[in-house]
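Visitor: can you look at this prediction? I've put the sequence above it.
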Amino acid sequence: MGKLIVLTGPSGVGKGTLLKLLLENHPEIYLSISATTRSPRPGEIHGQHYYFLTKSQFAEMIAAGEFLEWAEFAGNHYGTPRKAIEEQIAQDKIVLLEIEVQGARQVRQSFPEAWQIFILPPSVEELEKRIRGRGQDTEEAIEKRLQKAENELAVASEFDIQIVNDDLNHALYAIESAIFS
Ligand SMILES: Nc1ncnc2c1ncn2[C@@H]1O[C@H](COP(=O)(O)OP(=O)(O)OP(=O)(O)O)[C@@H](O)[C@H]1O
Ligand SMILES: Nc1nc2c(ncn2[C@@H]2O[C@H](COP(=O)(O)O)[C@@H](O)[C@H]2O)c(=O)[nH]1
């Protein structure tokens, strides 16, 4: 059987940036594509970055039990489609989820053998700088995400390992060591 790795942590901490580098180094890793009711950001493609769904399509998937986990985050819904994950794990693959904290907690319940990595910012000030610097969210969305971050950072110790994303390459190396050692 393969293994399930969960990358979690507050919005803007650099999960997506680290993931991209990780997949460049290890193309054999299968990255789960989430569903969301959020609108696409410029350049985001349906079926590649997310499955962009309407609220009713998302609700239908919940009702049909098609999510491994799902959560409401900063005004939108996000969920991990179950089928692809189960298929890839059955094929012995390393499967990676990049999800927020409530979803990661659900995975802990349903998939206790999953290895959960929490990414921390060097400071809250730096986290805010990164979310703002990304320049892709409205002021309202940024405020919601920063508020959420406070509670998320408080539970970092629940997860198997905590990695500070200060220097990008150091953080990447720490993730690779956690997954492959
Ligand atoms: N180590 C780092 N040092 C400086 N800037 C960084 C670092 N890692 C990521 N960033 C920058 O921080 C911003 C947010 O990164 P990213 O979008 O990867 O965060 P995220 O955790 O995936 O956010 P979300 O959960 O909202 O998708 C980006 O502009 C990225 O270039
Ligand atoms: N619980 C889940 N969280 C998810 C999933 N896919 C992404 N996310 C997390 O949502 C926030 C916001 O993402 P953004 O793309 O709008 O910036 C971020 O923390 C993601 O990790 C999912 O399937 N389930």
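Guide: Right, received. Where do you want to start? Ligands and ions are numbered 1, 2, ... in the order given.
Visitor: CA only for contacts and neighbour counts going forward, please
Guide: OK.
Visitor: OK, contacts around residue 136?
Guide: Applying C-alpha atoms under 8 Å, 6 or more residues apart in numbering, we find residue 136 in contact with residue 41.
Visitor: does it count as helix, strand or coil?
Guide: Under DSSP: H, G, I helix; E, B strand; the rest coil, residue 136 falls in the coil class.
Visitor: so it versus residue 73, what's the distance?
Guide: Applying C-alpha to C-alpha, to the nearest Å, the value for residue 136 to residue 73 is 16 Å.
Visitor: what's the neighbour count on residue 10?
Guide: In terms of burial, residue 10 registers 25 neighbours under the definition other C-alpha atoms under 10 Å.
Visitor: helix or strand: which one has the residue lying closest to it once chain neighbours are set aside?
Guide: Residue nearest to residue 10 in three dimensions, not counting chain neighbours: residue 149, with 5.1 Å by C-alpha to C-alpha, 6 or more residues apart in numbering. When secondary structure is defined using DSSP states H and E, the element that contains residue 149 is helix 139-154.
Visitor: CA atoms only for that helix, dumped as CSV, please.
Guide: Written as CSV, here are the backbone C-alpha positions of helix 139-154 (Å, rounded to 0.1, in the frame of the first residue of the first chain):
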residue,chain,number,x,y,z
GLU,A,139,-8.9,42.8,1.8
GLU,A,140,-11.9,41.0,3.3
ALA,A,141,-10.4,37.6,2.4
ILE,A,142,-7.0,38.5,3.8
GLU,A,143,-8.6,39.6,7.1
LYS,A,144,-10.5,36.3,7.4
ARG,A,145,-7.4,34.3,6.6
LEU,A,146,-5.3,36.1,9.2
GLN,A,147,-8.0,35.7,11.8
LYS,A,148,-8.2,32.0,11.1
ALA,A,149,-4.4,31.8,11.3
GLU,A,150,-4.3,32.7,14.9
ASN,A,151,-6.4,29.6,15.9
GLU,A,152,-4.6,27.4,13.4
LEU,A,153,-1.1,28.3,14.8
ALA,A,154,-2.3,27.5,18.3
